[in-house]
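**Student:** predicted coordinates and the sequence they were generated for:
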Amino acid sequence: MNASTKTAEKKISGQAKGYLLLFILVLISWGIFKIITPDNFGSPKNMLSYFEASLLAAVGAVGFYFVMVMGMFDFSIGANIMLSAIVGCVFANRFGLGYMGLIVGSILTGALVGLINGSFYVKLRIPSMIVTTGLALIYESVANYIAGGVEQTLPSDLRAFGQMPGNLILAVIAFAVAYLLLNYTKIGTYTYAIGSNEFVAKNMGIKVNKYKILAFIISGAFLGVMAVLTISYGSSMVAVTGMASMSRNFVPTMGCFFGLAFKKYGMPIPAIIIGEFVINIIFFGFIALGAPTAIQDVITGLALLIIVTLTTKVAKGEIVK
Amino acid sequence: MSEIRLEVKQVSKSFGITKALREVSFNINKGEVHALIGENGSGKSTLTNSLAGIYQKDSGEFILDGKEVHPHNQVEANNEGISIIVQELGTLDGLTVAENIFLGHEEAFVKFGVKNTGAMNRKATELLKKYGFDRIKASDMIENYNFEDRKLVEIVKATYFDPKIVVIDETTTALSREGREELYKQMNRIRSEGNTVIFISHDLPEVLKLSDTITILRDGVYIDTVKSSEVDEEGLKKLMVGREVSGSYYRADYGEEVSAEVVMTVKGVTVPGLISDINFELHKGEILGFGGLSESGMHEIGKACFGASFDREGSVTLADGTEINDIPTAIKHSIAYTSKDRDNESLVMNQSIRDNICLPSLDELSNKAHLLNDRKLKAFANTYAEKMSTKMTSVDQFVSNLSGGNKQKVVLARWIGKDSDILVLDSPTRGIDVKVKQDIYQLMDKMRKAGKSIIMISEELMELIGMCDRIIIMKDGQINGELKRDKDMDENSLIAKMV
């Protein structure tokens, strides 16, 4: 009994501990680069712009979290963002639907991609990594076809979501929806239940396949929002092929790892948001340093491994796969 | 005459070529505790799992209060008034206690698609309080609680909505004395309210004490239904096994001198938070028992001796001076270990019986070029699986398809095949039927006589008394007493040192 009380007490301080850890990470990553390059890094204004940039991937990551926490994976994240952004841009620009076209077009495309991913995964009964890798190639080709091989540019009068406060408003709405879904709907409960033990979840009457598809749809819709923010921030999107879109997978996936690592503190969504911020501090730190890309990649990779290792305190004997 | 609650009519169920249930028919009445007993693999869990929607029966009918029921999952079964507490863990990590209790029944707390977590927590708190489990907090994550507390949450989950039938499948073995008392209380409450408990247990005295009626299954076939007041333990054993269970159940010898030769010395062993300053010696040909309450630290002793504890201090030394600090060294020096949590710690569930039995013996089974011969592996696995009378279609069958008792046989077969000299057996007869229990006791006795040394950790006091040369009682992570084998020893002398 003592053990249970003790663990319960530990839980009370769990969230505070999680926030403290994240705050320390922000402080360390900022401190290191501030010491090395004090003049052109880390001013309050700079930090705000790093945070703004981190919102993009954080929005995608909170959606992707639904897929990852169920134990599945999605290699078509980058292709989805690219396709959704191009469709949104075409709706807004070519069809003259303005902001409505941009938002609805991107989110619906993202959700549709999620629906296709989920349906193929459930119907084909093959690992999600393989399904989404195969489908990513198709999405890239479709995006390329829609764009007609031409870079799609969003007109300057439709770029409110690329700057403050538009980007922040859209991101906050997305985070609030994710938080609501995760904590105040059946979807959130079932997501964790399926991730914990699919067999038991099925026995509890949960339609496991339905909720797996739903997780992909939610993830896709959030990636659609990320697409809106991405094209608004960068003003254009090129439809690359040959799996080149995979490079866009990295940042949202890393943010998601933060969410999974801090799940035990009961704060996955804040962890994703702050985690993406940390990643961006490191990125911009390297840019300020003027380090070559190869070195940047090596150090970023190592830094992230260290961060996730230090923050993911695996219990003794726990199996990590 | 009592009113019929459930009619089981010609129910059959197969898993591949294994016929788990063959046209089973019998009735269960309202307001009774109806025990279901039989050897491992007799079909008890298959029958109740089919009733509770976990499995789908192949043919036959379940008629509940005159109406046929055919649930496809546990929630549908709940809606029909049937609930089940399963043998293994039935709660889910990642969810709170309240979410686990109401999993599949969230509708009551959802308005316009939004879940009212506060209301759900309040309702769960109210229920936990009503059951006397106040120490369990509704809003806590379930993984913050130990196995036993999680079982208590399952009891609430399975009974709070006053189901017509509650199935309790081999749950008591997972609970401490206190937990069992709570469960018994709930069983009596359900019965007194005119509802029915289907109770599955291998503990025959417990079955006789708690149940009103007992149905016996053997090899998937209905054998008989008897009144508990009209039968005794021996009679039940005979019905279960199909013949007299002859010979002694436990060891019959008393006063035999244990060899002075020490094979293992445990000195100052401490595992932070679990056990502290443990010292004992294990002798050649000795069965050394460890007893205590579930959380007394006795289960950690087994791990510590096998080199499987984390942050262990102190030493575990063999007669030749070898220090046991890790599992490979333990296995290399002929130490075997069976865990209480066999599904998670002893078996590779999605592998064949063959692979599970051969696993620690692969070095001995490989040829000079370190290549393995399939036929040799199969023959090896077959020999020891058959020696343990494992009910299986072949050694190629997946372990996950076996019943609880047969899984345990596979674990034991593995170490018998390895011919280990020191066996650390944690709850070796947990969830095992009377016939196999007797086989295991006889096997242990045979091993002891052959000079093998055994550490037996058990929550079943009678088997410790019946089988051990010495019994060490653990309390709060420390040794709280030692008792020598004695004909006059009873449970009370052990309990006095346990609590």
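**Tutor:** In hand now; what should we look at? These figures come from a predicted structure and were not determined experimentally. Numbering: from 1, shown residues only, chains lettered A, B, ... in the order given.
**Student:** what strand or helix carries the closest residue to chain A within the stretch 201-350 of chain B?
**Tutor:** The minimum distance from the stretch 201-350 of chain B to chain A, using CB to the nearest CB, falls at residue B:310 (4.0 Å). From N, CA and C alone the C-beta is placed, and that goes for glycine too. For residue B:310, there is no host helix or strand (DSSP states H and E).
**Student:** doesn't residue B:271 make contact with it?
**Tutor:** Yes - contact criterion CB atoms under 8 Å: residue B:310 and residue B:271 qualify, at 7.3 Å.
**Student:** who has more neighbours out of the two?
**Tutor:** Each of residue B:310 and residue B:271 has its neighbours counted (other CB atoms under 10 Å in any protein chain shown); residue B:271 has more, 20 against 12.
**Student:** got the contact list for the more buried one?
**Tutor:** B:297, B:300, B:303-304, B:309-313 (CB atoms under 8 Å, 6 or more residues apart in numbering or on different chains).
**Student:** pLDDT and distance to residue B:429 for these - can I get that in CSV?
**Tutor:** CSV is the format used below for those (pLDDT from 0 to 100; distance: CB to CB, whole Å):
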residue, pLDDT, distance to residue B:429
B:297, 90, 21
B:300, 93, 20
B:303, 93, 19
B:304, 95, 22
B:309, 90, 24
B:310, 87, 27
B:311, 88, 30
B:312, 93, 27
B:313, 93, 31
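**Student:** pLDDT score for the closest residue to residue B:87 other than its chain neighbours?
**Tutor:** Nearest non-adjacent residue to residue B:87, counting by CB to CB, 6 or more residues apart in numbering or on different chains: residue B:170, 4.3 Å away. We have a pLDDT of 81 for residue B:170.
**Student:** and if you look at residue A:185?
**Tutor:** 87.
**Student:** from chain A, which residue is nearest to chain B?
**Tutor:** residue A:205 (2.9 Å).
**Student:** state the number of residues packed around that residue.
**Tutor:** Using other CB under 10 Å, residue A:205 has 19 other residues around it.
**Student:** residue A:158 now?
**Tutor:** 19.
**Student:** skip the chain neighbours and tell me the closest residue to it.
**Tutor:** Residue A:158 sits nearest to residue A:92 (CB to CB, 6+ apart), 5.5 Å away.
**Student:** OK, contacts around the one you found?
**Tutor:** Taking CB under 8 Å, 6+ apart, one finds A:98-99, A:101-102, A:105, A:154-155, A:158 in contact with residue A:92.
**Student:** of these, buried ones?
**Tutor:** Among those, the ones that count as buried by 16 or more other CB atoms under 10 Å in any protein chain shown are A:99, A:101-102, A:105, A:154, A:158.
**Student:** could I get those as a markdown table with secondary structure and pLDDT?
**Tutor:** Formatted as a markdown table, those follow (DSSP: H, G, I helix; E, B strand; the rest coil; pLDDT from 0 to 100):
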| residue | secondary structure | pLDDT |
| --- | --- | --- |
| A:99 | helix | 91 |
| A:101 | helix | 94 |
| A:102 | helix | 94 |
| A:105 | helix | 95 |
| A:154 | coil | 89 |
| A:158 | helix | 87 |
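**Student:** quick one: contacts for residue B:413?
**Tutor:** Applying CB under 8 Å, 6+ apart, the residues near residue B:413 are B:357, B:381, B:384-385, B:387-388, B:390.
**Student:** out of these, which sit inside helices?
**Tutor:** B:357, B:381, B:384-385, B:387 (DSSP state H).
**Student:** can you flag the buried ones in these?
**Tutor:** By neighbour count, with 16+ other CB under 10 Å, those hold B:357, B:381, B:384-385 as buried.
**Student:** CA atoms only for stretch B:4-13, dumped as PDB, please.
**Tutor:** Provided in PDB are the C-alpha atoms of stretch B:4-13 (Å, rounded to 0.1, in the frame of the first residue of the first chain):
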ATOM      1  CA  ILE B   4     -32.100 -21.000 -13.700                       C
ATOM      2  CA  ARG B   5     -29.900 -18.000 -14.600                       C
ATOM      3  CA  LEU B   6     -27.800 -19.500 -17.400                       C
ATOM      4  CA  GLU B   7     -28.300 -22.500 -19.600                       C
ATOM      5  CA  VAL B   8     -25.200 -23.700 -21.400                       C
ATOM      6  CA  LYS B   9     -26.400 -25.700 -24.300                       C
ATOM      7  CA  GLN B  10     -24.200 -27.900 -26.500                       C
ATOM      8  CA  VAL B  11     -21.400 -25.300 -26.600                       C
ATOM      9  CA  SER B  12     -18.400 -26.300 -28.700                       C
ATOM     10  CA  LYS B  13     -15.200 -24.400 -29.500                       C
END
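**Student:** confidence score at the residue nearest the centre of chain A?
**Tutor:** For chain A, residue A:61 is the residue whose C-alpha lies nearest the centre (CA atoms, centre = their mean; 1.5 Å). Residue A:61 is assigned a predicted lDDT (pLDDT) of 96.
**Student:** residue B:236: what secondary structure?
**Tutor:** Per DSSP: H, G, I helix; E, B strand; the rest coil, the secondary structure class of residue B:236 is helix.
**Student:** need the pLDDT of it.
**Tutor:** Predicted confidence (pLDDT) for residue B:236: 86.
**Student:** the one 4 residues further on too?
**Tutor:** Reading off the per-residue confidence, residue B:240 sits at a pLDDT of 80.
**Student:** what does residue B:105 give?
**Tutor:** For residue B:105, the model assigns a pLDDT of 86.
**Student:** contacts only, for residue 80.
**Tutor:** Going with chain A. Counting by CB under 8 Å, 6+ apart, the residues that residue A:80 touches are A:74, A:109-110, A:113-114, A:139, A:220, A:223-224, A:227.
**Student:** I was thinking of chain B, sorry if that wasn't clear
**Tutor:** Contacts of residue B:80 (CB under 8 Å, 6+ apart): B:64, B:69, B:71.
**Student:** returning to that earlier point: turn the contacts of residue A:80 into JSON lines, columns for pLDDT, neighbour count and distance to chain B.
**Tutor:** Formatted as JSON lines, those follow (pLDDT from 0 to 100; neighbours: other CB atoms under 10 Å in any protein chain shown; distance: CB to the nearest CB, whole Å):
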{"residue": "A:74", "pLDDT": "92", "neighbour count": "33", "distance to chain B": "20"}
{"residue": "A:109", "pLDDT": "97", "neighbour count": "28", "distance to chain B": "24"}
{"residue": "A:110", "pLDDT": "97", "neighbour count": "31", "distance to chain B": "21"}
{"residue": "A:113", "pLDDT": "97", "neighbour count": "32", "distance to chain B": "24"}
{"residue": "A:114", "pLDDT": "97", "neighbour count": "28", "distance to chain B": "19"}
{"residue": "A:139", "pLDDT": "96", "neighbour count": "24", "distance to chain B": "30"}
{"residue": "A:220", "pLDDT": "97", "neighbour count": "30", "distance to chain B": "20"}
{"residue": "A:223", "pLDDT": "97", "neighbour count": "35", "distance to chain B": "22"}
{"residue": "A:224", "pLDDT": "96", "neighbour count": "32", "distance to chain B": "21"}
{"residue": "A:227", "pLDDT": "95", "neighbour count": "32", "distance to chain B": "26"}
